[in-house]
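Engineer: model the following, please.
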Amino acid sequence: MILFRYILRTHIAPFIFGTSVIMALFLLQYIMRWVDQLTSKGLDVPTIGEFLLLNLSWIVVLAIPIGVLFSTLMAFGALSSAHEITVMKASGMGLFRMMVPTMIVGLLLWGFSFWYTDQVLPNTNLRLSGMMRDITRTKPTFALESGQFTTHIEGFTILARNVDSMGLMTGVTIYDRSNSDRRTVVSADTGRMAFSPSLTRLIVHLFHGEIHQTSVRQPNDYRVIRFDRHQMAMQADRFFYEESDVSGSSRSDREMNIDDMFVIVNRARSEEVLANREFDSVLTTHLSYLFEPSSIPTYQPTQREVLDRASATISSVRSTLEGQAYRASSEHEVANKYLVEIYKKYSIPFACVIFVLVGCPLGVVTKGGNFGISAMVSLGFYILYWATLIGGEKLADRNILSPAIAMWSGNILIGIIGIVVAIKVNYETTPVKAALLWFRRRFQRQ
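Structural biologist: Numbers count the residues shown, from 1 in each chain. Next up, the predicted model:
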């Protein structure tokens, strides 16, 4: 138990460091895509913090397996570099026994990741998608610059020739196109503007100016109104971030748990079976009609009538068969789409176990106790794993591979590599020779 605790203790710091680095890299990449939206919409700090926290929710699911791989490489590499692995082997402890505590922790992380992916992540993804829509709909921060036309208010163009630090505008001109039947131009010597208490209207106070109005349909109808004080109200909603209610929103496949997705899969499979049965029924009925002996009709149709009737029948049957075939294919694609997400919820968390299996022996072989080697090996397996995962998802969507094989192919491939390397390190020989040696010892005992 002392050795087990010592082995686990060597994993803690590398796991925290590796997971944190991966999360930071993913988050930084995502922020770069949204930096314009976050900086130009006038969002407050709590809103930006919530947005980043919701993004960390899906990032942590991807970062934990990579953190496990990095920590096992670092820990077992450091033990190998310090010859502690050799000492443990000399005392009768093989590699598989050394891996027991790490494998137990990997299984616990698998259970946690699976629960988090199935129960927590769908709700955070739903909230994140709603927040992304709200941010996208929010208009850029309203601001007037001296000598610059502003068109942020729909239906209005505002020009202030000078704006001082206190918000006082001089030489103000406002072009009002909100009324389709009338064009209005307002000019004033000075003015101030502010949002209404509800933040839905922009109130403009103007002093000493003129209002020029002309009718679109009657150009001769032209009015000039002079004023000492004039107030204009403009519709200005969505200039501030407004959080929408997503509780009643429809959910996509990544916003559902496994039980909800299985409901859709079962419905799609039932519809596919019904469509195939209808296809077979229509095809069988008309084939039977073609080969059954027909009675001699009392009325002899002309050749033209026979051809027209046959053409209409063929067209009707073809349309029915194509419709049922398309229906069956569409339902099959729907079932595959949700099955891919279901198996993904199982396979990605299980990578915590697979990366323990491959990371421990590779750490011993490479003596990767330093950051550079561990990071390079982790990156290589990360690319391999995600290439198989993404490639498998594309093949499953095209009905080339079954969703189960597509989503588990990465785990299977890396698991095989891990087993081969672990056997080689544990028995210090190739897997084939190790199997032969095991059988030889087995038969000698008998």
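
Engineer: on the three-state scheme, residue 399 is what?
Structural biologist: Following DSSP: H, G, I helix; E, B strand; the rest coil, residue 399 is assigned to coil.

Engineer: now for the host helix or strand of residue 172, which elements pack on it?
Structural biologist: Element membership of residue 172 [criterion: DSSP states H and E] is strand 169-176. The elements that strand 169-176 packs onto, with contact taken as 3 or more Cβ pairs under 8 Å, 6 or more residues apart in numbering; DSSP states H and E, are strand 156-163, strand 182-195, strand 201-215. Where C-beta positions appear, they are placed from N, C-alpha and C, glycine not excepted.

Engineer: so what strands line up beside the first one?
Structural biologist: If I follow you right, that is strand 156-163. Strand 156-163 has these partner strands in its sheet, going by DSSP bridges: strand 148-150 (antiparallel), strand 169-176 (antiparallel).

Engineer: can you list the buried residues in the longest one?
Structural biologist: What it means is strand 169-176. Using 16 or more other Cβ atoms under 10 Å as the test for burial, strand 169-176 gives 169, 171, 172, 174, 175, 176.

Engineer: so the last one bridges to which residues?
Structural biologist: Read it as residue 176. residue 156, residue 184.

Engineer: do the third one as well
Structural biologist: Following DSSP bridges, residue 172 is listed with bridge partners residue 160, residue 188.

Engineer: let's number from 44 now, not from 1
Structural biologist: Sounds good: first residue 44 from here, last item residue 215.

Engineer: for it, what are its contacts?
Structural biologist: Residue 215 sits next to 201, 202, 203, 204, 229, 230, 231, 232, 233, 234, 249, 252 when contact means Cβ atoms under 8 Å, 6 or more residues apart in numbering.

Engineer: I figured the second one hits residue 188, correct?
Structural biologist: Meaning residue 202. No - counting by Cβ atoms under 8 Å, residue 202 stays clear of residue 188, with 10.1 Å between them.

Engineer: okay, now residue 439: neighbour count?
Structural biologist: Around residue 439 there are 23 other residues, counting by other Cβ atoms under 10 Å.

Engineer: what's the closest non-adjacent residue to it?
Structural biologist: Excluding the flanking residues, the one nearest residue 439 by Cβ to Cβ, 6 or more residues apart in numbering is residue 449, at 3.8 Å.

Engineer: next, give phi and psi for the one you found.
Structural biologist: phi -60, psi -40 (degrees, to the nearest 10).

Engineer: please report how far it lies from residue 274.
Structural biologist: Using Cβ to Cβ, to the nearest Å, residue 449 is found at 64 Å from residue 274.

Engineer: also residue 116?
Structural biologist: The gap separating residue 116 from residue 274 is 69 Å, by Cβ to Cβ.

Engineer: residues in contact with the spatially most central residue of the chain?
Structural biologist: Most central in the chain under Cα atoms, centre = their mean is residue 297, positioned 6.9 Å from the mean C-alpha point. Contacts for residue 297 (Cβ under 8 Å, 6+ apart) come out as 165, 168, 384.

Engineer: can you pull the contacts of the last one?
Structural biologist: Contacts for residue 384 were tallied using Cβ under 8 Å, 6+ apart; they are 296, 297, 299, 304.

Engineer: okay, it: pLDDT?
Structural biologist: On pLDDT, residue 384 comes in at 90.

Engineer: equivalent analysis for the second one, please.
Structural biologist: According to the prediction, residue 168 has pLDDT 87.

Engineer: also the first one?
Structural biologist: The predicted structure scores residue 165 at 89 on the pLDDT scale.

Engineer: could you give the number of residues near it?
Structural biologist: 22.

Engineer: same check, this time on residue 131
Structural biologist: Considering only other Cβ under 10 Å, residue 131 is surrounded by 18 other residues.

Engineer: pretty sure it is touching residue 47, no?
Structural biologist: No - look at residue 131 against residue 47 with Cβ under 8 Å: they stay out of range, at 11.1 Å.

Engineer: follow-up on the earlier one: which one of the buried residues of strand 212-219 is nearest residue 57?
Structural biologist: residue 212 (59.6 Å; Cβ to Cβ).

Engineer: now for the closest one: which residues touch it?
Structural biologist: Residue 212 makes contact with 187, 203, 205, 206, 233, 234, 235, 236, according to Cβ under 8 Å, 6+ apart.

Engineer: same thing but 10 Å
Structural biologist: 187, 189, 201-206, 231-236, 247-250 (Cβ atoms under 10 Å, 6 or more residues apart in numbering).

Engineer: quick check: nearest residue in space to it, chain neighbours excluded?
Structural biologist: Nearest non-adjacent residue to residue 212, counting by Cβ to Cβ, 6+ apart: residue 203, 4.0 Å away.

Engineer: returning to what we had before: would you confirm that the residue nearest to residue 439 contacts residue 380?
Structural biologist: No - with contact defined as Cβ atoms under 10 Å, residue 449 and residue 380 do not form a contacting pair (11.8 Å).

Engineer: so for those two, which sits in the more crowded spot?
Structural biologist: Neighbours per residue, other Cβ under 10 Å: of residue 449 and residue 380, the larger number sits with residue 449, 26 against 18.

Engineer: related to what we said a few turns ago, surely the residue nearest to residue 212 meets residue 189?
Structural biologist: Yes - if you go by Cβ under 10 Å, residue 203 and residue 189 touch, sitting 6.6 Å apart.
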